[in-house]
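Novice: sequence? don't have it. structure:
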C-alpha cells in the first residue's frame with residue numbers, strides 16, 4: 001500500500017511538471033502563464049482529494065483519457081495565441097493559428113484539471129488507507145521522487161516521448177490488470193503523438209525550450225528566436241557591430257557577452273580584436289547549435305570561454321573587468337517555473353543588474369544592450385536607467401521599426417554617438433530586484449491577468465460544487481485552506497530569492513523545490529516522533545522566522561561570498577517552511593477527515609498562486625506580509641474551532657478514513 005501511494009504521488013507531480021513544460025512549449029504565450037497549468041493542477045488534485053471515497057470511481061477507470069485528449073488536441077490543432085495587451089509585452093513574431101484562444105485555453109485548463117483530478121483521486125483513495133502522517137510522509141516521498149525524476153530527465157535533455165513513456169508506465173501500474181486495456185489505448189495514443197513530435201526534423205529539447213532548427217533560424221517554443229548569421233553580414237550592417245562603432249577609442253580586449261546564443265556576438269567581438277571573450281548563455285542547446293553550425297566557428301577559438309549560466313549570477317560571481325559588456329538579445333520565451341511573472345532574463349534588466357555590470361567595466365569601458373524592444377516606453381525605461389547611472393545619455397541607434405542599440409560609456413568621452421537618446425514621453429520607473437518586471441508599463445495587474453484569474457477562481461467554485469463537495473462542510477478546514485495559500489506564496493518567494501541569489505537556471509529552480517520538499521518532510525518526521533507539541537510555541541517560531549526573512553534585505557544577502565550567501569539563503573528560506581509544516585502536520589494528524597483537509601489545503605494553494613500576482617503592484621518582499629497575514633488567519637481559525645496541542649493518535653490506532 002505504501003509503495004502504491006508513493007508511486008501515485010510521484011506520478012502526480014511528474015505529470016504536473018511535464019504538462020507545465022510541454023504545454024508551454026507547444027502553445028505560444030502559455031509559457032508566459034506557466035501557472036495556468038499549475039493552478040489547473042492544484043484545482044484537479046484538490047478535487048481528487050475532496051471527492052468522497054465511494055464516489056468518482058469512473059475517474060480511476062478512465063484516468064488516462066483526458067491526458068491523451070490534451071496531448072492530441074495540442075498536437076493536432078496547434079495554437080499560437082495573440083496577446084495584444086498594451087500593459088505588458090510578449091516577445092513573438094508569429095501569427096495566430098488554430099482555434100480561437102477563448103476555445104483553446106479553457107479547454108487546456110479544464111483538461112489539465114481533469115487529468116490531475118483523476119490522478120488525485122487515485123492518490124486520495126490510497127491516502128485514506130493509512131494514518132494521516134504516515135500517508136503524508138509517503139506522499140512527500142513520492143513528490144520528491146517525481147521532482148527528482150523530472151529534473152534528471154531535464155538534465156539529460158530527454159525528448160517529450162520519454163516523459164510520455166514514464167508517465168504511461170506509472171499509470172499502467174496504478175491502473176492494475178483490470179484496467180489494462182482501458183488504460184493502454186489512450187496511453188498508446190498519447191505516446192504516439194509525442195513520438196511524432198520527437199521525430200520531427202530539427203526538434204530537440206533543452207532544459208528550457210523545445211528547440212527546432214530551420215537552418216539558419218532557431219525557433220524555440222514555436223517562435224523564431226535566433227538566426228545564425230555569417231560574419232561578413234554581421235560586420236556590414238547589424239546591431240552586433242554598433243557597440244564597436246560607438247566606442248572607437250575602446251581597446252575591446254576583454255569582452256563579456258551575456259546572451260551569447262549561437263555565437264553571432266562572439267564572432268563580432270573576435271573580429272574586432274578581442275583577446276578574451278566570456279560568452280555567457282543560459283541554454284546549453286542554443287550554444288551547442290552555434291558551436292556546430294556557425295560558419296565563423298567562434299566557439300572553437302581558444303580566446304573564447306563559454307559559461308552555461310545565468311547572466312546576473314555570473315556578474316555577481318566574477319571578479320574580471322571588461323572593456324565591453326554586451327547584453328545581446330537576452331529575451332527569453334518562458335517563465336521561471338513556480339513564479340508566474342518572473343522570466344528567465346528579468347533580473348538582467350533591473351537597476352541593480354545595470355549597477356553590477358558597471359562595476360565590472362574598465363576605466364574607459366562601455367555597456368551595450370540591444371533588442372527588438374517593440375515599444376518606445378521600454379527603450380525609455382532602459383535608457384533612462386542608464387542615463388541615471390552613468391550621468392549622461394547613452395547613444396541610441398535604431399534598426400528597423402522595433403530594434404534599438406543603447407551604448408553607455410563610463411564617461412561621455414567613452415562613447416561616440418550619431419544620436420543620443422531622447423525620451424519619447426514620460427520615462428517609466430526603472431525595474432528593481434524587488435519588482436523585476438521590465439515589460440510591465442505601470443505598477444498594476446494587467447486586465448488580461450485579472451480576467452484569466454477571475455475565470456479560474458469561478459471555475460474552481462463551480463467545480464467544487466459540481467463534484468458534490470459541500471462548501472459549508474469545508475468551513476471546518478478554513479485553517480488548512482489558509483495554510484495552503486500562505487505556503488504557496490512562501491514557496492514562490494523562496495523561488496524568487498534563489499533565482500536572484502544564484503541564477504534563474506533550471507538547476508537552481510529544481511534544487512529549490514527539492515529543498516522545500518525535504519524541509520517539509522523533515523517537519524513531518526519531527527512531528528511523528530513527538531507525543532505532544534506546543535502549538536503556541538510553533539506559531540511564535542513561525543512568525544519569528546518570517547520577521548527575520550522580512551528584515552534581512554536581499555542586497556545584504558547578495559553581497560555575501562558564495563558560501564555565506566548559500567547558508568543565509570537556506571536559513572532564511574527553509575526555517576519558515578519547516579515551522580509552518582510542523583503546524584500543518586499537527587493539524588493534519590488531528591483532522592477528523594484528513595483527506596478532505598488535504599484537499600482544502602490544495603485549493604488554498606491555488607488561491608495563493610492567484611494572490612502572487614499582487615507582487616506586480618507591491619513587489620516580492622511585500623508578499624511576506626501577506627504570508628504572515630494568511631498564517632495569522634490560519635492560527636486564529638485553529639483557536640476559534642478549539643484546536644490546541646494534543647497527543648498524536650497511538651500507532652496502533654485504526655487508519656483514518
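Specialist: Okay, I see it. The shown structure was predicted, so the numbers you read here are calculated from the model rather than taken from an experiment. Numbering: from 1, shown residues only.
Novice: Excluding covalently adjacent residues, which one is nearest to residue 218?
Specialist: Among residues not flanking residue 218 along the chain, residue 226 sits closest, at 4.5 Å (CB to CB, 6 or more residues apart in numbering). Using the backbone N, CA and C atoms, a C-beta is placed for each residue, glycine as well.
Novice: right, and that neighbour touches residue 259 too?
Specialist: No - counting by CB atoms under 8 Å, residue 226 stays clear of residue 259, with 9.6 Å between them.
Novice: now the strands for the stretch 51-200 of the chain?
Specialist: 79-80 (DSSP state E, counting those that start in this stretch).
Novice: Kindly report the same for the chain.
Specialist: Taking DSSP state E to define them, one finds strands in the chain at 27-28, 79-80, 203-205, 210-214, 217-220, 223-227, 254-258, 276-281, 304-308, 322-328, 361-372, 395-399, 403-409.
Novice: of all those strands, which gets the most neighbours per residue?
Specialist: strand 254-258 (a mean of 28; mean count of other CB atoms under 10 Å).
Novice: hang on, the earlier thing: name the residues contacting each of residue 226 and residue 259.
Specialist: In terms of CB atoms under 8 Å, 6 or more residues apart in numbering, residue 226 and residue 259 are both contacted by the residues residue 329.
Novice: so residue 378 sits right up against residue 431, yeah?
Specialist: No - at 10.3 Å, residue 378 does not count as touching residue 431 under the criterion of CB under 8 Å.
Novice: Could you tell me which residues touch both of the two?
Specialist: Any residue near both residue 378 and residue 431 by CB under 8 Å, 6+ apart counts here, and that gives residue 438.
Novice: My guess is residue 356 contacts residue 313. True?
Specialist: No - between residue 356 and residue 313 there is no contact, the gap being 10.3 Å when judged by CB under 8 Å.
Novice: looking at the strands of the chain, which is closest to residue 152?
Specialist: For residue 152, the closest of the strands of the chain is strand 203-205, at 13.5 Å, according to CB to CB.
Novice: partners of the closest one in the sheet?
Specialist: strand 210-214 (antiparallel) (DSSP bridges).
Novice: mind checking how far the partner strand is from the chain centre?
Specialist: 21 Å (CA atoms, centre = their mean, to the nearest Å).
Novice: State the mean pLDDT of it.
Specialist: Averaging pLDDT along strand 210-214 yields 92.
Novice: Please work out which residues outside that strand touch it.
Specialist: In contact with strand 210-214 (CB under 8 Å, 6+ apart) are residues 25-26, 160, 200, 202-205, 218-222, 285-286, 289, 293.
Novice: what angle separates it from strand 223-227?
Specialist: Angle, strand 210-214 to strand 223-227, by axes from the mean of the first three to the mean of the last three CA atoms, to 10 degrees: 60 degrees.
Novice: ok, back up a step: which one of residue 378 and residue 431 is surrounded by more residues?
Specialist: Legend: neighbour count by other CB atoms under 10 Å for residue 378 and residue 431, higher for residue 431 (24 against 19).
Novice: Distance-wise, check the more buried one relative to residue 509.
Specialist: 21 Å (CB to CB, to the nearest Å).
Novice: What residues of stretch 575-588 count as buried?
Specialist: For stretch 575-588, the neighbour count (16 or more other CB atoms under 10 Å) marks 575-588 as buried.
Novice: Need those in a markdown table (columns: pLDDT).
Specialist: What follows is the buried residues of stretch 575-588, written out as a markdown table (pLDDT from 0 to 100):
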| residue | pLDDT |
| --- | --- |
| 575 | 95 |
| 576 | 96 |
| 577 | 96 |
| 578 | 96 |
| 579 | 95 |
| 580 | 95 |
| 581 | 94 |
| 582 | 93 |
| 583 | 94 |
| 584 | 93 |
| 585 | 91 |
| 586 | 89 |
| 587 | 89 |
| 588 | 89 |
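Novice: Now tabulate the residues you listed in TSV and tack on distance to residue 275.
Specialist: Formatted as TSV, the buried residues of stretch 575-588 follow (distance: CB to CB, whole Å):
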residue	distance to residue 275
575	47
576	48
577	47
578	50
579	53
580	53
581	53
582	56
583	58
584	57
585	58
586	62
587	62
588	61
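Novice: Out of those residues, which comes closest to residue 516?
Specialist: residue 577 (5.8 Å).
Novice: which residues does that closest one contact?
Specialist: 487, 490-491, 494, 516, 519-520, 523.
Novice: Nearest to residue 559 among those residues?
Specialist: residue 494 (19.4 Å).
Novice: Go ahead and confirm residue 104 touches residue 27.
Specialist: Yes - taking contacts as CB under 8 Å, residue 104 lies within contact range of residue 27: 7.1 Å.
Novice: how about the closest residue to residue 149 other than its chain neighbours, what does it touch?
Specialist: Leaving aside its chain neighbours, residue 149 sits nearest to residue 14 (5.8 Å; criterion: CB to CB, 6+ apart). Contacts for residue 14 (CB under 8 Å, 6+ apart) come out as 146-147, 149-150, 163, 166-167, 170.
Novice: now do 6 Å
Specialist: 146, 149-150 (CB atoms under 6 Å, 6 or more residues apart in numbering).
Novice: Could you check the pLDDT of the residue nearest to residue 218?
Specialist: 89.
Novice: From what I see, it and residue 261 are in contact.
Specialist: Yes - proximity of residue 226 to residue 261 meets the contact threshold set by CB atoms under 6 Å, at 5.1 Å.
Novice: where does this structure have low pLDDT?
Specialist: Along the chain, the parts satisfying pLDDT under 70 run over 28-34, 78-102, 333-340, 401, 468-473, 641-657.
Novice: quick one: the longest helix along it to chain centroid distance?
Specialist: In the chain, ranked by residue count with DSSP state H as the criterion, the top helix is helix 562-590. Remark: helix 562-590 is offset 21 Å from the chain centroid, using CA atoms, centre = their mean.
Novice: just stretch 211-228 next, same as before
Specialist: The mean C-alpha position of stretch 211-228 is separated from the chain mean by 22 Å, CA atoms, centre = their mean.
Novice: Next: stretch 136-147.
Specialist: 20 Å.
Novice: Pull out the buried residues from it.
Specialist: In stretch 136-147, counting by 16+ other CB under 10 Å, buried: 136-147.
Novice: Including distance to residue 55, could those residues go into TSV?
Specialist: Formatted as TSV, these follow (distance: CB to CB, whole Å):
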residue	distance to residue 55
136	23
137	26
138	24
139	21
140	26
141	28
142	24
143	25
144	30
145	29
146	26
147	30
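Novice: So which of those residues belong to helices?
Specialist: 136-147.
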